[in-house]
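Enquirer: Sequence and predicted structure, then a few things I'm wondering about:
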Amino acid sequence: MRFQLIGVNHKSAPVEVRERLAIPESRLPEACKLLAQQPGVEEAMILCTCNRVEVLAHTNNGVADLRGFLHSYFQLAPEELEKHLYEYREEDAVRHVFRVAASLDSMVVGEPQILGQVKEAYATARAVGTVRNQLDQLVTRAFAVAKRVRTETAVGSSSVSIASVAVELAKKIFGNLSGKSVYLIGAGKMSELAARHLLAHGCGSIFVANRTYDRAVHLADKFHGQAIRFEDLYSTCDRADIVITSTGAPHAIFRREHGEQFLSKRRNRPMFFIDIAVPRDVDPAMNKLDGIFVYDIDDLQQAVASHVSDRRKEAERAEAIVNLEVERFQARLQTLDVVPTIVSLQDHLETIRQAEIDRVRGRLGHLTPDQEMAVEAMTRGIVNKIMHTPISALKTAARDPEATTVIELVRRLFNLHEKRAKSGGSGEGQ
Amino acid sequence: MSLLWLRVALGCYGVGLLYAIFALTRTSDTFNKTALHAAYLGMVFQLVSLVEGVFLSGHITLALVHNSESLLAFLIMTVFMITYLVYKTTSPGIIVFPLVFLLTFLGASRDQPFVLMSPDMRKGWLAAHIGLIFMGYAALILSFCASVLYLLQQRSLKAKRPEEGILSHLPALEEIDEIGYRALLIGFPFMTLGLIAGSVVAQSKFGYVDFSDPKILLSMLMYAVYVVMVCTRWIAGWRGRKAALLASVTFAIAVFTWVANYWSKTHGFVAS
């Protein structure tokens, strides 16, 4: 195998570099074709997401100039790019592709989008014919590895950001979020993000309150919600199932009695308070009320932390799966490497056997069917016995890094040179 | 033979019982599925046993009374399975499985009780009385399960600790609430009609309803608490601790009502 991969990701390059390397979807097929035309490149594929740009190739000599391609395609000076680039070859390239597809190399380990992005990149390259035999095997295997990692480990099952933890908790309380309403009090990046996540997960309506009414109106416009005057906060808050609060108030704005009031208006339907403010906006005593759940920033962060450590444990298991799969993939490719030699060896000896039978047939005179069969069986037996040792040696060698030496030796011994080229050619075309 | 099928069913429910015990500490999808399949099988065997009982006794009412524990277990499992089909949760199993196991065990392990029946009894009404009341019981038990699960889920959410074991697989709080409320609402007409059918039977047999009978007394008390439960929920939207407390009281009275068979004259299940 001669796989080569070069690229940048969120770890190796800042977003300013990554955005300069972004290839729009519409130009991806043409880029794949250009890459495949590079000297030495036999098959090629480009993966371009917001966190990574990677160029994967199968080459005929293992040393194609992929860097040169990047420099010329993006018209960047080598020194601009060099320090951000990573390059993997052979086994390391296989491992990297498996890790990327399994979302182990992602910014948020285990996030599921990356697999879809790899699948899209694969489909694009396949459509323009730059992915054929070797890359096809590699990438489809990577899909299988990703699936295995997802089903056998819990790496993709829990979320890590505060906003998604908030969504997860809301789902634990309300189940389906569709039709639930959100109350956003105060402004702030994190609270807006949480609101956006909740809306994306089905929450229906949103109310926005702010001490400055204009800001509430502005924010409400952004979310297609309803702005509420701050003085109407307590009389309207019971309408919301989820309250996200992040005001700069020095004291709690929600106290136990407010909670009791909301609950009686809501006929005890549960309410979820996400308190992102420091100092806190919600009195912790409110959490003691039946049906009210208060999570402050520390609670949320704790939930995130427990998920991260869970995920780290699971990621280790996932890495073990990837390593095992890399070994298997290599073994399989090497077995494929020896198959043409075994076939041509069998062909070669069979030709000799047939020729020898034809040669002596005249001298043997008329043979009865039984005698014919006996001659067939004897000659076949001889050929099989002769072939047994070299074939077993080839099969053993397939699992060995020195396989090529053994293949070469067998080919020389049996004079298989011409057939090799032929079968090798047909192998590539398959 | 019907006892044999019942014992096979008991074996299947045993798997469910193990699930209930282990689910408290850890969960596994495979175990979950195994318990569900075992429960399906158990239900099939139990149904065979019940049907065979009907054929053997030659009368549906007699068979129902003879196999009352088994019938109740079967109905509880039916309600549990319907809940599973609608809400895709096996969590009520942690209470349902042990209870069904116990009821089936009672049915499978003792000699069948003898029932005194006067030939002029209105057997159709009696069958309706038993069937309806049992269905009401099954719904009540599910509602009780939901209350307990609601409390567990509420406690875990309030404690803000990472969920472990069964708690991580509990349905959402509002879903549990809905299961409990629906079970309550569905059980209510069954219970009401069952009691009406019972009074019709009593009227026709004795000419009056004997309120001094412990079972009848407890039944009325249970019904009263049931009505309170439905009302508080419907009108005041009681949930959580208060609702769970009421459900537990109703459940406890229901258990006593069941046990009261052994002291009740009109429900003479005692071997004589």
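Expert: Structure's in. What do you need? Given the structure is predicted, the values throughout are model-derived calculations rather than measurements.
Enquirer: A:Gln38: neighbouring residues, count only.
Expert: 19 (other C-beta atoms under 10 Å in any protein chain shown). Backbone N, C-alpha and C define where each C-beta goes, glycine included.
Enquirer: same question but for B:Val8, I mixed them up
Expert: For B:Val8, the neighbour count with other C-beta under 10 Å is 17.
Enquirer: Name all residues that make contact with it.
Expert: Taking C-beta atoms under 8 Å, 6 or more residues apart in numbering or on different chains, we find B:Val8 in contact with B:Phe45.
Enquirer: Name the helix or strand for the residue nearest the centre of chain B, please.
Expert: Taking C-alpha atoms, centre = their mean, the centroid of chain B lies closest to B:Ala138, which sits 3.0 Å from it. In the assignment (DSSP states H and E), B:Ala138 maps to helix B:123-159.
Enquirer: end-to-end on stretch A:58-70?
Expert: Start-to-end span of stretch A:58-70 (C-alpha to C-alpha, to the nearest Å) is 16 Å.
Enquirer: that older thread, beyond the helix holding B:Ala138, next helix or strand please.
Expert: helix B:173-206.
Enquirer: could you give the mean pLDDT of that next one?
Expert: Taken as a whole, helix B:173-206 has a mean pLDDT of 87.
Enquirer: One more: stretch A:316-324?
Expert: 90.
Enquirer: for that stretch, which positions count as buried?
Expert: Under the neighbour-count criterion of 16 or more other C-beta atoms under 10 Å in any protein chain shown, stretch A:316-324 has A:318-319, A:321-322 buried.
Enquirer: ok now it, how far from the chain's centre?
Expert: Here stretch A:316-324 is found 14 Å from its chain centre; the criterion is C-alpha atoms, centre = their mean, to the nearest Å.
Enquirer: what's in contact with it?
Expert: With contact meaning C-beta under 8 Å, 6+ apart, stretch A:316-324 is reached by A:95, A:98-99, A:102, A:104, A:145, A:148-149, A:152-153, A:155.
Enquirer: what residue ranges in the stretch 101-250 of chain B score low on pLDDT?
Expert: B:110-123, B:161-167 (pLDDT under 70).
Enquirer: dump the residue contacts of the residue nearest the centre of chain A.
Expert: Chain A has A:Ala101 as the residue nearest its centroid, 2.2 Å off, counting by C-alpha atoms, centre = their mean. By C-beta under 8 Å, 6+ apart, the contact set of A:Ala101 is A:114-115, A:118, A:139, A:142-143, A:145-146.
Enquirer: Residue numbers of chain B in contact with chain A?
Expert: Applying C-beta under 8 Å from any C-beta of the partner chain, we find that chain B lies next to chain A at B:153-154, B:157-158, B:160, B:162, B:171-175, B:236-242.
Enquirer: from the stretch 1-150 of chain A, which residue is nearest to chain B?
Expert: The nearest approach of the stretch 1-150 of chain A to chain B comes at A:Arg150, 13.9 Å away (C-beta to the nearest C-beta).
Enquirer: and that residue, that's in a strand?
Expert: No - according to DSSP: H, G, I helix; E, B strand; the rest coil, the state of A:Arg150 is helix, so it is not within a strand.
Enquirer: on that earlier part again, mind checking which of the contacts of A:Ala101 are buried?
Expert: By 16+ other C-beta under 10 Å, these give A:114-115, A:118, A:139, A:142-143, A:145-146 as buried.
Enquirer: Serialize the residues you listed to a markdown table and add fields for secondary structure, distance to chain B and pLDDT.
Expert: Putting the buried ones among the contacts of A:Ala101 into a markdown table (DSSP: H, G, I helix; E, B strand; the rest coil; distance: C-beta to the nearest C-beta, whole Å; pLDDT from 0 to 100) gives the following:
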| residue | secondary structure | distance to chain B | pLDDT |
| --- | --- | --- | --- |
| A:Ile114 | helix | 25 | 85 |
| A:Leu115 | helix | 22 | 89 |
| A:Val118 | helix | 27 | 93 |
| A:Val139 | helix | 29 | 93 |
| A:Ala142 | helix | 26 | 94 |
| A:Phe143 | helix | 23 | 93 |
| A:Val145 | helix | 21 | 93 |
| A:Ala146 | helix | 20 | 92 |
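Enquirer: Now for B:Val228, how many residues are close by?
Expert: By other C-beta under 10 Å, neighbour count at B:Val228 equals 14.
Enquirer: nope, B:Phe74 is what I meant
Expert: B:Phe74: 24 neighbours (other C-beta under 10 Å).
Enquirer: do the same with A:Arg267
Expert: Neighbour count for A:Arg267, taken as other C-beta under 10 Å: 15.
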